[in-house]
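> Here's a sequence, model it:
(chains A and B)
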Amino acid sequence: MINFTMLIVILPLIAGLILTVLPKKNEKAIEWTSLIFSLLIFIISLQIFLGFDEANPNYQYTFSFPWIPQWGINFSLGIDGISLLLIILTTFLMPIVILSSWKHIHKLTREYYILLFILETAMIGTFAATNLFVFFIFWEMMLIPMFLIIGIWGSDERIYATVKFILYTAFGSFMMLAAIIYLYTHVGTLEFQDLGTIRLDPTTQLYLFLAFALAFAIKVPMFPFHTWLPAAHVEAPTAGSVILAGVLLKMGTYGFIRLAIPLFPDAVMQCMPYLIALSVVAIIYGALVCLVQTDIKKLIAYSSISHLGYVMLGLLVLNQYGVEGSVLQMVNHGISSAGLFLLVGILYQRYHTREIASYSGMAQVMPKYATIFMIIALSSIGLPVTNGFVGEFLVLVGAFQYSRDFYEVSRNILTFLPAIFASLGMVLSALYMLSLVEKVFFGKVHEKIARGHIPHKDLTHRELLYFLPLIVLIFWIGVYPHYFLNKASGTIALLIATFK
Amino acid sequence: MQTQGLVYILLFPLIGTFINGFLSFFRNDLKTYFKKNFQWSAEKFSYTTNRISAIVGVLAVTLSFLCGVWYFFELLNLSSENALSYTLLRWIHTGALDLEFSFYFDHLSSIMVLVVTGVGSLIHLYSVGYMHGDPGVSRYFAYLNLFIVAMLMLVLGNNLLVMFIGWEGVGLVSYLLISFWYSDIDKAKAGKKAFIVNRMGDVGFVLGALLLFALFNTMNFSELTQSIEQSAVPVGYITCAALLLFFGACGKSAQIPLYVWLPDAMAGPTPVSALIHAATMVTAGVYMVVRLSPLYFAAPYAMNVIAIIGAATALFAATIGLVQKDIKKILAYSTISQLGFMFLACGVGAPIAAIFHLVTHAFFKACLFLGAGSVIHGMGGEQDITRMGGLKHKMPVTFWTFLIAILAISGFPPFSGFMSKDEILVAAFGTEYGSMALGIIAVIAALFTSLYMFRLFYLTFLGDNRSGHKVYEHVHESPGAMTSVLIILAGLAMIGGFIGIPHLFSFLAFPNLIEEWLEPVVISFPLTRHGETLSPLIMLVSVGMAFLGLLIAYIFYGRKNTYAENLRSLFQTTYQLLWHKYFVDEIYHKLIVRPLYFISERILFNTIEKGGIDWSVDFAGRFSKTISRKSLKLQQGDIQYYLLYMIIGLIIMSVVILWWVQ
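Residues are numbered from 1 along each chain as shown, chains lettered A, B, ... in the order given. So this is what the prediction gives:
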């Protein structure tokens, strides 16, 4: 019997290997092979999803073999409710990313798709790792393909952006590495399950937590460690942005929920108010900064900071509502930001500019495009019946519950501030998104666009095809989130229970 | 009682949305397809699709209305405590939070369903004539059907969150329809403003719902009602939740301080103004407050706030309406003012009167708006009433129906507005929560209502035409699809009041139908004895005000004279203040919008983001680069230098060691 977890971790690498033997010039063959493999991986992950036992909150589909026996390090993988949703998000986005890159990558085509597959292995591996060493290996493995994707296929300022991205993240990683080495020398094991049973003394916890938290906070990115993100997004090619926003940012939040929070509970309780404050600042700050952006991609990048603020807030309040909302919001943001970056990519391909001011009246030029943009924008601002609402609402319920519990103790009305500010984010997100929609789509058609001649103005069939699954999911999660949340709620309840 | 059929009420408009949405989304593809395979000309194609869209759109809502009527009769047969309900599926289920897509058809929501789908069907029908020839007919009907879905969700929702789906849904459709003609950037901006201001209210709604959930562990209406009656939660919490929810209502129902979006919303097509911004959506706030009336009754302070805001809005908006020139703007301020009346009724403990006025208002205001639409249509897009006049002869049907609606809104007996407004006035004076001050404000607002309506009437329909010969030549009565709707609505505006005949006439043995119908689900406060004795007098005053308004309007606008101009120059400042709507938009712009952008741009983005955080990140990079470049010079390969460094190093080390030893 083949282990499915190992299979989806290794299969992208195999796909990459197969691509190396294909003729360099035959773009069509490369594109089709990539698509088929990514679909195959998605189907296998779907098998995992469907066969997942939601009553069991522990790791399933586990796989382990002694990797470096003399150090006692096992190559262990496993999937629980939280990682399940993120893995399926990854494998789901991959075919879309590949389809969106079709016919647009002419420089080093083969290498491009190979790098995408290496990235996929790294991402799935990070989510599926159940050993800290394995986790770290995959974590670092993600950096290199991303570095190259931005550095090679990015736009004008790509070198600056990619160096900033890698230095920033590597800086965080080294902190984490130091903490991992400390843990290994003092505890002697790096298996998640063993680490979970050990309770270190509070001071040690605090230092280790800060080291982990810094690495993850940079990745999320939390305010004020976020400035690499807009730069990287703006310069990255569409596929890079989609993966970056859709999956890589969740590595940070996943790191918190998987490692930083459960391993160092005392330190978490100690830092909680500060981290919550930072998350709320990110929500408001990110949204306000969005208001004054002149570059569409930058605007969406900043909106990610605001949205990830919700995710972090939900995580940190550490109650069932908040964490479930937060996990769902990770998936939601993966869908909506991926959709938005894909859309911006299409606009950029056609008109070669990301300046908001160079567009107006696009709803007349590209009515279908405008409709899709509107739907995804509405999901991003959390309109009920779209996925965004359910996640955001649960986070708000969690935040409110947290505030109220604190209020019962402190009798200080200020404890409600996080919930109130977080809900103000609702207005601000509507404001910047609809302002963007207004500027780009409404009004008279911009002169330059009216004069220029571009074939295939509106969405092509291929483009419509890859937006369709995104839109289906937006409404599916919006109307029946239970189907997805159900998978994760057991695992989350287990996590919460350690804090009671 | 579980009734699966309730879903059909929503299903038909939903199907309509999908069909019209499909036609609109794939319009260009279908066009080429039919051209290629069937040789259809562009005209034939748009004629056919527009026809299909119109038929589907109207049919969807009509079927929904018929379903509503069917279940209304089903409800009639049940005993009064019973209601129909249906749970479609589980929505969000986490911890104690268990929210379902469940619908609840009781005495209160049944009235709303009938109003929404009934008036909705009429306005859909009217739209067929009004939107004739517009290239976006399919899109228009898709939005309009979606609106009906959202509105039905709002009124049928069995818990706060399903209501919120509808609540935000109608906001979205309102946004889409206000900016329907989006190539005009001002219309797009008006739509955005409506959505944003509504969202501010929605924050209040969400926080209120969260607070209620934190207090009672449920968001279900009937469970909430029970818990509020039984529990001993401090009144402070309840007041807080009630006020937060009311803030949401202020957004949706355009009350002070969030009313500013409604006048701008008139940028949308006129049938939209009639359906969404007069008859149905804007009354959602009133419906919500009535639905949660047990909550409000448990929070007396919140009741007072609602009454005061309602009365203040009623008067405030009416004064602005006195001097405006745009026919739709006048009607918009009139709507704000009438909604103020409804909230006043809620605040003084007369939710039944509020619902009654909501119903009659839906009739006469829809009639007024559609009449205005007919006028605008006939005048070729003109909206300024100072350039109208004398339309009586050219548009007889519009004229007569408009007159009936005006008589209704001004409160002439026995028209519908008289009945409902009288009930509100009586309650404002006469219940425990009412007071002399509230009553007097309401009476003045009623006077102004009559005044601005007849001013509008005289300037539009009577006197000489001021539009110039050319325009007047072309003025014509609207097509049958439009006028027939006007006639039906005028009929309803005329007789609709008889569902709630004042108690004063109870000796005639007419039952007050609406009160009897709502009694099992909504409780109104009884009149005090003082109020009982006052009520005949109040009725006289109310009728007197209607006539007084007519009289003043006649003196100033009904005859050829310059009284109006004289008065204007006499009270120049007051006029300017009213004409500029008390400068509220300007104040909001200066106090909220400008600072928001200033903070975002200058302080956050330029100073903190670029000058602070990102600068220090880049500085760290630059710093280490500089250091390495500098230190490069230390290693140029000269052996003498290396010896020098070695000696310096040794000296430093020995000093440190010596110091350490000591």
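
> Just the CA coordinates for the host helix or strand of residue B:654, please, in CSV.
According to DSSP states H and E, residue B:654 maps onto helix B:639-661. The C-alpha atoms that make up helix B:639-661 are tabulated as CSV, following Å, rounded to 0.1, in the frame of the first residue of the first chain:
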residue,chain,number,x,y,z
ILE,B,639,52.0,42.2,5.0
GLN,B,640,53.0,45.3,6.9
TYR,B,641,49.4,46.3,7.5
TYR,B,642,48.5,42.8,8.7
LEU,B,643,51.5,42.9,11.2
LEU,B,644,50.2,46.3,12.4
TYR,B,645,46.7,44.9,13.0
MET,B,646,48.2,41.9,14.8
ILE,B,647,50.1,44.2,17.2
ILE,B,648,47.1,46.4,17.8
GLY,B,649,45.0,43.3,18.4
LEU,B,650,47.6,41.9,20.9
ILE,B,651,47.7,45.1,22.8
ILE,B,652,43.9,45.3,23.1
MET,B,653,43.7,41.7,24.2
SER,B,654,46.4,42.0,26.8
VAL,B,655,44.7,45.2,28.2
VAL,B,656,41.4,43.3,28.4
ILE,B,657,43.0,40.3,30.1
LEU,B,658,44.8,42.4,32.6
TRP,B,659,41.7,44.3,33.3
TRP,B,660,39.8,41.1,33.7
VAL,B,661,42.3,39.6,36.1
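
> Mind pulling up the pLDDT for residue 92?
All of this is about chain A. Here the pLDDT value assigned to residue A:92 is 95.

> My question was about chain B, not that one.
So, for residue B:92, pLDDT stands at 88.

> again with residue B:156
For residue B:156, the model assigns a pLDDT of 93.

> So the nearest residue to it once chain neighbours are set aside, which state does it fall into?
Leaving aside its chain neighbours, residue B:156 sits nearest to residue B:103 (4.1 Å; criterion: Cβ to Cβ, 6 or more residues apart in numbering or on different chains). The way it works is simple: take the backbone N, C-alpha and C, and place the C-beta from them, glycine included. State at residue B:103, reduced to three classes by DSSP: H, G, I helix; E, B strand; the rest coil: strand.

> distance of residue B:103 from residue A:113?
49 Å (Cβ to Cβ, to the nearest Å).

> Equivalent analysis for residue A:55, please.
If you measure residue A:55 against residue A:113 using Cβ to Cβ, the figure is 39 Å.

> Assign the residue nearest to the spatial centre of chain B to helix, strand or coil.
For chain B, the residue sitting closest to the mean C-alpha position, by Cα atoms, centre = their mean, is residue B:282 at 2.8 Å. At residue B:282 the chain is in helix, as set by three-state DSSP.

> wait, what's in contact with it?
B:252-254, B:262, B:276, B:335, B:339 (Cβ atoms under 8 Å, 6 or more residues apart in numbering or on different chains).

> In strands only, show me those.
Judged by DSSP state E, those include no members of strands.

> burial of the closest residue to residue B:203 other than its chain neighbours, as a residue count?
Leaving aside its sequence neighbours, residue B:203 sits nearest to residue A:423 (Cβ to Cβ, 6+ apart; 4.9 Å). Residues contacting residue A:423 under the criterion other Cβ atoms under 10 Å in any protein chain shown number 23.

> so who does residue A:423 touch?
By Cβ under 8 Å, 6+ apart, the contact list for residue A:423 reads A:396, B:203, B:206-207.

> Equivalent analysis for residue B:530, please.
Going by Cβ under 8 Å, 6+ apart, residue B:530 touches residue B:430.

> how near is it to chain A?
Computed as Cβ to the nearest Cβ, to the nearest Å, the residue B:530 to chain A distance reads 40 Å.

> Checking residue A:77 next. Helix, strand or coil?
Assignment for residue A:77 (three-state DSSP): strand.
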